[in-house]
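Colleague: attaching a predicted model along with its sequence, questions to come.
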Amino acid sequence: MAGEWRKVSVGAFAPFAYGKGLPEHRRDSSGQVPVFGSNGVVGFHCEALTSGPTVVIGRKGTVGAVHYSPKPCWPIDTTFYLVDPDPCVLRFKYYLLKALGLEHMNADSAVPGLNRDAAHSREVLVPPLPEQRAIAYILGTLDDKIELNRRMSQTLEAMARALFKAWFVDFEPVRAKMQGRWQRGQSLPGLPAHLYDLFPDRLVDSELGEIPEGWEVKPIGDLAEVLGGSTPRTDRAEYWEGGTHHWVTPRDLSALSLPVLLDTERRITDAGLAQISSGLLPKGTVLLSSRAPIGYLAIAEVPVAVNQGFIAMKPRPGISNLFLLRWASAAHEEIFSHANGSTFLEISKSSFRPIRVASPSSPIMNAFDRISRPMYRKVVENERESRTVAALRDALLPKLIRGEIRVKDAERFLKERGL
């Protein structure tokens, strides 16, 4: 390898340019150009600072974070950025910088900052161009798979939210029947013919305003068992060391881009679990953060214990957890209005349980679940696959960048795993 790879400085191989300030009030948010801060995309604009794919590096704030934009973007003045006329080489540079640990090069203790001269002086080993492109292709294929899954899941989520809004907020099936736009035996977008007889053709007055005839206004506590949690003493090692039970905090939900919880940062032991009155909640429980902030949402795809920052909803018999999830999202403002507190706003279980819901008939609840469940399952499948792919990428990246394994070995490794 010594004859093939060459030692160069970061500044010579991948020189950083300074980002340019773009205050929020100057951004045209109707544009499609991503605006990058040190922690990723922070908005959109109608004009780009770069003319092609761009690597963005956190300079202030989230120091050393490395982001890749496949299209022109605007890196703001808390960042550095770099470009290259060869997109494959640029992507290799992205992975090289990811492997450098730039986040540990904090030059300012008061305000975290990355010193460009210090970063530029780092020496790296760089392979010949063909191998740079091959490494970028392998790692890029994995990242592209993760991005494809993310876009697919976002589309499915949008479809599920739109379905809930149409049926349970706008009452579109009922209105379509009332207005003669939906006839028996006829299928409309989102309104298949076989569902026609499930929906009434009248709206009636209720304490929530007009709702479909035959539906009932109920407290959310009638649709779900509402539970909270607690934190076992952190100075008791027997509650934490070697823990096997997932223990979730709002922080676990804050990092989610989709409402699916597959894992938690910390786990507790049997002894720790015994300190939490709500115990181990089953897979399928809907989790809503109840403070700091209110509104993070997810369905637990593993049994979990929760800390004190949650409203946990266990669906009662005949109630879809997907209905509860979508309701909690659509009713965010109503939920928030029941919060109180002097230090920070919080909604208690006793304030949450009485919140009123327009509850549909069981056949409509079941129909909503049948239609939206496959979408949700696909989102979960995508999330699991993306985690696996990300773990493989993270294992390969430093080894490929340092030349510890070669491209052919990496290709064989991925082929054995069906990728």
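Modeller: Received, thanks. Residues are numbered from 1 along each chain as shown.

Colleague: which stretches of the stretch 101-250 of the chain have low pLDDT?
Modeller: 107-111 (pLDDT under 70).

Colleague: domains of the protein?
Modeller: 6-126, 128-208+361-419, 216-359 (automatic domain parsing).

Colleague: and those as JSON lines, adding mean neighbour count?
Modeller: (Glycine included, C-beta is placed from N, CA and C.) Shown next, in JSON lines, are the domains of the chain (neighbours: other C-beta atoms under 10 Å):
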{"stretch": "domain 6-126", "mean neighbour count": "18"}
{"stretch": "domain 128-208+361-419", "mean neighbour count": "16"}
{"stretch": "domain 216-359", "mean neighbour count": "18"}
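
Colleague: mind listing the helices for the stretch 1-150 of the chain?
Modeller: For the stretch 1-150 of the chain, the helices defined by DSSP state H, counting those that start in this stretch occupy 10-13, 87-98, 116-121, 129-164.

Colleague: could you redo those helices as CSV and give each row distance to S277?
Modeller: Formatted as CSV, the helices of the stretch 1-150 of the chain follow (distance: least, C-beta to C-beta, whole Å):
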stretch, distance to S277
helix 10-13, 54
helix 87-98, 44
helix 116-121, 51
helix 129-164, 32
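
Colleague: quick check: mean pLDDT of the longest helix along the chain?
Modeller: In the chain, taking DSSP state H as the definition, the longest helix is helix 362-401. Averaged over helix 362-401, pLDDT sits at 96.

Colleague: quick check: next helix or strand after it?
Modeller: helix 407-416 (DSSP states H and E).

Colleague: mind saving the C-alpha coords of that following helix as PDB?
Modeller: Presented in PDB, the C-alpha positions along helix 407-416 are these (Å, rounded to 0.1, in the frame of the first residue of the first chain):
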ATOM      1  CA  VAL A 407     -12.600  -2.500  -2.000                       C
ATOM      2  CA  LYS A 408     -13.000  -6.100  -3.200                       C
ATOM      3  CA  ASP A 409     -13.100  -7.300   0.300                       C
ATOM      4  CA  ALA A 410     -15.800  -4.800   1.200                       C
ATOM      5  CA  GLU A 411     -17.800  -5.700  -1.800                       C
ATOM      6  CA  ARG A 412     -17.600  -9.400  -0.800                       C
ATOM      7  CA  PHE A 413     -18.600  -8.500   2.700                       C
ATOM      8  CA  LEU A 414     -21.700  -6.600   1.600                       C
ATOM      9  CA  LYS A 415     -22.700  -9.300  -1.000                       C
ATOM     10  CA  GLU A 416     -22.700 -11.900   1.800                       C
END
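
Colleague: okay, the angle between it and helix 362-401?
Modeller: If you take axes from the mean of the first three to the mean of the last three C-alpha atoms, to 10 degrees, helix 407-416 sits at 160 degrees to helix 362-401.

Colleague: on that earlier part again, run through the neighbouring helices and strands of the longest helix of the chain.
Modeller: Helix 362-401 is packed against helix 87-98, helix 129-164, strand 260-261, helix 321-330, helix 407-416, with contacts defined by 3 or more C-beta pairs under 8 Å, 6 or more residues apart in numbering; DSSP states H and E.

Colleague: residue contacts, the spatially closest residue to P354 that is not a sequence neighbour?
Modeller: Nearest non-adjacent residue to P354, counting by C-beta to C-beta, 6 or more residues apart in numbering: P219, 4.8 Å away. P219 sits next to R353, P354, I355, R356, V357 when contact means C-beta atoms under 8 Å, 6 or more residues apart in numbering.

Colleague: switch to 7 Å and redo it
Modeller: Residues near P219 by C-beta atoms under 7 Å, 6 or more residues apart in numbering: R353, P354, I355, R356.

Colleague: and it, backbone torsions?
Modeller: phi -70, psi 150 (degrees, to the nearest 10).

Colleague: from G185, how far out is P259?
Modeller: Distance of P259 to G185, computed by C-beta to C-beta, to the nearest Å: 36 Å.

Colleague: for A136, that is, sorry about that
Modeller: For A136 relative to G185 (C-beta to C-beta), the value is 55 Å.

Colleague: chain neighbours aside, what residue packs nearest to the residue nearest the centre of the chain?
Modeller: The centroid of the chain falls nearest to S257 when counting by C-alpha atoms, centre = their mean (1.0 Å). Leaving aside its chain neighbours, S257 sits nearest to R150 (6.9 Å; criterion: C-beta to C-beta, 6+ apart).

Colleague: wait, what's in contact with the residue nearest to P70 when sequence neighbours are not counted?
Modeller: Distance criterion C-beta to C-beta, 6+ apart; nearest residue to P70, sequence neighbours excluded, is P53 at 5.3 Å. Counting by C-beta under 7 Å, 6+ apart, P53 touches S69, P70, K71, P87, L90.

Colleague: now do H245
Modeller: For H245, the contacting residues are R267, I268, L273, L280, A305, by C-beta under 7 Å, 6+ apart.

Colleague: let's see 10 Å
Modeller: Shown in contact with H245 (C-beta atoms under 10 Å, 6 or more residues apart in numbering): 264, 266-270, 272-273, 276, 279-280, 302-305.

Colleague: what's opposite it in the beta bridge?
Modeller: I268 (DSSP bridges).

Colleague: how near is R402 to L322?
Modeller: R402 is 45 Å from L322, where distance means C-beta to C-beta.

Colleague: I figured G243 hits R236, correct?
Modeller: No: look at G243 against R236 with C-beta atoms under 10 Å: they stay out of range, at 11.6 Å.

Colleague: common neighbours of these two, please.
Modeller: Taking C-beta under 10 Å, 6+ apart as the criterion, G243 and R236 both touch T269, A271, G272.
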